[in-house]
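Enquirer: Coordinates for the following, if possible.
(one chain, ligands or ions: 2)
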Amino acid sequence: MILVTGGAGFIGSNFVLDWITQTGGALVNLDKLTYAGNLENLKSLQKDSRHIFVKGDIADSSLVRKLLLQHQPTAIVNFAAESHVDRSILGPGDFITTNVNGTFHLLEATRAYWESLAADKKRSFRFLHVSTDEVYGSLGAEDPPFTESTPYAPNSPYAASKAASDHLVRAYHHTYGLPIITTNCSNNYGPYQFPEKLIPLLIVNAIKGQPLPIYGDGLNIRDWLYVADHCAAIRAVLARGRVGETYNIGGDSEKSNLEVVRTVCAVLDQLHPDSPVIPHASLTAFVKDRPGHDRRYAIDASKIQRELDWEPEQNFAKGIRETVKWYLNHLDWVEQVQSGEYRKWIDLNYGGRQLI
Ligand code: NAD
Ligand code: DAU
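Expert: Numbers count the residues shown, from 1 in each chain. Ligands and ions are numbered 1, 2, ... in the order given. So this is what the prediction gives:
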């Protein structure tokens with residue numbers, strides 16, 4: 001039995017499905033169900049007793065303490081967070097509340113539980129904190145990729161809040177001996193990603209003939225990691241990772257945003273030729289840049305490869321094809337997530353954004 005937080009979000013729900021399929025094990029899924037949490041992602045587990053869903057906040061220490069005592073998990077995987085950079089720019093408050101304060105309360109509840117365990121259970125317990133490459137800041141074109149010893153230099157309120165949570169997690173190991181491991185991974189993509197993030201936004205806009213908004217010159221670079229590969233990496237870290245360590249996880253797929261748009265559009269031209277506007281790439285629209293927009297992220301994942309024998313299996317071209325197919329086959333899911341709240345966000349972020 002493990003406790004997963006944020007397991008109704010994009011990566012969390014992929015991980016919950018992956019964990020149950022790959023290990024057959026059970027889990028408690030604690031999720032506040034913010035706009036980003038969606039139980040539709042877990043519909044296939046509705047009648048599966050191995051998935052125990054609890055709606056709640058990681059900052060609610062008494063609820064977390066109760067769940068820990070009741071279910072006696074051997075590990076916690078902390079995905080719960082506010083995760084969208086643009087939202088952190090327009091409203092940083094929730095990011096401090098959940099990513100910093102929430103992680104702090106979760107750590108406190110975990111520490112109390114862990115200290116009450118018998119020696120052997122104490123030794124094997126793990127608190128795995130899921131973090132991001134954005135804590136390392138931005139790279140120039142010729143810089144080497146981020147390693148686990150790259151100094152932290154977060155640039156957005158989101159990245160700063162994740163960096164703060166990483167520091168707290170580290171301090172709980174250093175000070176109290178809590179057996180933590182932190183993972184810092186690059187941009188995930190794949191099924192169930194909320195269409196506020198670049199790749200699903202491109203897909204859902206393109207099939208409706210709506211503009212594909214590209215911030216600035218479109219030459220910012222991200223490393224793209226297929227979400228199933230990320231889930232496998234987390235399983236490897238849980239099983240074999242060294243306590244107190246950090247592992248960088250990357251997809252070995254650096255792409256500029258323009259390359260991403262071209263790839264998504266080319267796949268859609270083939271798989272969805274009856275869209276209202278063809279070719280899909282003609283919908284590309286350059287818009288005012290994101291303030292403080294990091295230029296490039298790249299991950300050196302040699303540590304996890306060397307120590308835990310993990311490497312990404314999916315390449316970008318195939319991963320995008322799978323992702324586009326998934327969205328085309330789940331248009332009902334897309335309709336469901338494009339609720340009133342989603343439309344409000346699209347108006348807020350893109351409504352006043354000038355074309356450049
Ligand atoms: P997401 O926004 O899709 O999902 C976040 C989930 O956390 C949602 O289900 C939400 O309801 C839940 N949540 C939010 N606040 C909560 C709270 N206070 N208590 C309990 N649940 C709460 O995020 P994601 O993209 O799946 O990212 C998951 C984690 O991975 C985050 O920690 C994020 O920082 C990290 N990460 C994401 C990426 C990426 O590319 N998406 C890359 C690197 C790291
Ligand atoms: O690097 C890991 C991070 O990746 C995670 O920690 C974050 O949770 C996750 O949201 C993601 O952050 P990014 O800001 O890189 O992802 P996003 O999909 O928002 O943007 C990817 C790139 O595309 C970035 O350079 C901004 C650009 N972009 C994004 C949107 C939403 C656009 O050009 N237009 C858009 O409309």
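Enquirer: Ser88 - how many residues pack around it?
Expert: Close neighbours of Ser88, defined as other Cβ atoms under 10 Å, add up to 22. In short, each C-beta sits where N, CA and C put it, glycine included.
Enquirer: before we move on, what about the one 5 residues further on?
Expert: By the other Cβ under 10 Å criterion, the neighbourhood of Gly93 contains 10 residues.
Enquirer: Please report how far Leu268 lies from ligand 2.
Expert: 17 Å (Cβ to the nearest ligand atom, to the nearest Å).
Enquirer: hang on, Asp57 packs against Thr34?
Expert: No - with contacts counted by Cβ atoms under 8 Å, Asp57 stays clear of Thr34, the gap being 9.6 Å.
Enquirer: got a list of what whatever residue of the chain ends up closest to ligand 1 touches?
Expert: Nearest to ligand 1 in the chain, going by Cβ to the nearest ligand atom, is Gly9, at a distance of 2.0 Å. Counting by Cβ atoms under 8 Å, 6 or more residues apart in numbering, Gly9 touches Asp31, Ala36, Gly37, Asn38, Phe79, Ala80, Ser83, Phe194.
Enquirer: My read is that Arg222 contacts Lys255, right?
Expert: Yes - in this structure, Arg222 is within contact of Lys255 by Cβ under 8 Å, at 6.7 Å.
Enquirer: low-scoring pLDDT stretches of this structure, where are they?
Expert: Residues of the chain meeting the criterion pLDDT under 70: none.
Enquirer: Close to ligand 1: what parts of it are there?
Expert: 5-6, 8-12, 30-34, 36-37, 57-59, 79-81, 83, 98, 102, 130, 132, 162, 185, 187-188, 194 (Cβ under 6 Å from any ligand atom).
Enquirer: switch to 5 Å and redo it
Expert: 6, 8-11, 31-32, 34, 36-37, 57-58, 79-81, 83, 98, 102, 130, 132, 185, 187-188 (Cβ under 5 Å from any ligand atom).
Enquirer: which stretches of the stretch 151-300 of the chain form helices?
Expert: 157-176, 198-207, 227-240, 257-271 (DSSP state H, counting those that start in this stretch).
Enquirer: Single out the most deeply packed of these.
Expert: helix 198-207 (a mean of 23; mean count of other Cβ atoms under 10 Å).
Enquirer: does any bit of it sit next to ligand 2?
Expert: Yes - using Cβ under 5 Å from any ligand atom, helix 198-207 reaches ligand 2 at Leu198.
Enquirer: Show me where the stretch 201-350 of the chain has its strands.
Expert: 212-215, 221-226, 246-249, 254-256, 284-287 (DSSP state E, counting those that start in this stretch).
Enquirer: Tyr113: which of those is closest?
Expert: Set against Tyr113 and scored by Cβ to Cβ, the strands of the stretch 201-350 of the chain come closest in strand 246-249, at 23.1 Å.
Enquirer: Give the pairing partners of that closest one; include direction for each.
Expert: Strand pairing for strand 246-249, determined by DSSP bridges: strand 180-185 (parallel).
Enquirer: residue ranges for the strands of the stretch 1-150 of the chain, please.
Expert: Going by DSSP E, counting those that start in this stretch, the stretch 1-150 of the chain shows strands at 2-5, 27-31, 51-55, 75-78, 126-132.
Enquirer: For the second one, list every residue counted as buried.
Expert: Looking back up the chat, that one is strand 27-31. Neighbour-count burial for strand 27-31 flags Leu27, Val28, Asn29, Leu30, Asp31 (criterion: 16 or more other Cβ atoms under 10 Å).
Enquirer: export it as PDB, just CAs?
Expert: The C-alpha trace of strand 27-31 is given here as PDB (Å, rounded to 0.1, in the frame of the first residue of the first chain):
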ATOM      1  CA  LEU A  27      -2.900   2.800  -3.200                       C
ATOM      2  CA  VAL A  28      -4.700   5.600  -1.500                       C
ATOM      3  CA  ASN A  29      -5.100   8.600  -3.800                       C
ATOM      4  CA  LEU A  30      -5.400  11.900  -1.900                       C
ATOM      5  CA  ASP A  31      -6.400  14.800  -4.200                       C
END
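Enquirer: The residue lying closest to Asp300 once chain neighbours are set aside: neighbouring residues, count only.
Expert: Distance criterion Cβ to Cβ, 6 or more residues apart in numbering; nearest residue to Asp300, sequence neighbours excluded, is Pro145 at 4.1 Å. The tally of other residues near Pro145 (other Cβ under 10 Å) stands at 21.
Enquirer: Run through the residues that contact Pro145.
Expert: Contacts of Pro145 (Cβ under 8 Å, 6+ apart): Leu139, Asp223, Gly250, Ala298, Ile299, Asp300.
Enquirer: redo that, cut-off 10 Å
Expert: By Cβ atoms under 10 Å, 6 or more residues apart in numbering, the residues touching Pro145 are 133, 136, 139, 186, 223, 248, 250, 252, 254, 296-302.
Enquirer: Which one (most neighbours) among those residues?
Expert: Of all the contacts of Pro145, Gly250 has the most neighbours under the rule other Cβ under 10 Å, reaching 29 neighbours.
Enquirer: So that one is in contact with Thr132, correct?
Expert: No - with contact defined as Cβ atoms under 10 Å, Gly250 does not reach Thr132; the gap is 11.4 Å.
Enquirer: Identify the contacts common to the two.
Expert: In contact with both Gly250 and Thr132: Asn184, Cys185, Ser186, Asn187, Tyr297, using Cβ under 10 Å, 6+ apart.
Enquirer: of all these, which two lie farthest apart?
Expert: Asn184 and Asn187, at 12.0 Å, using Cβ to Cβ across the shared contacts of Gly250 and Thr132.
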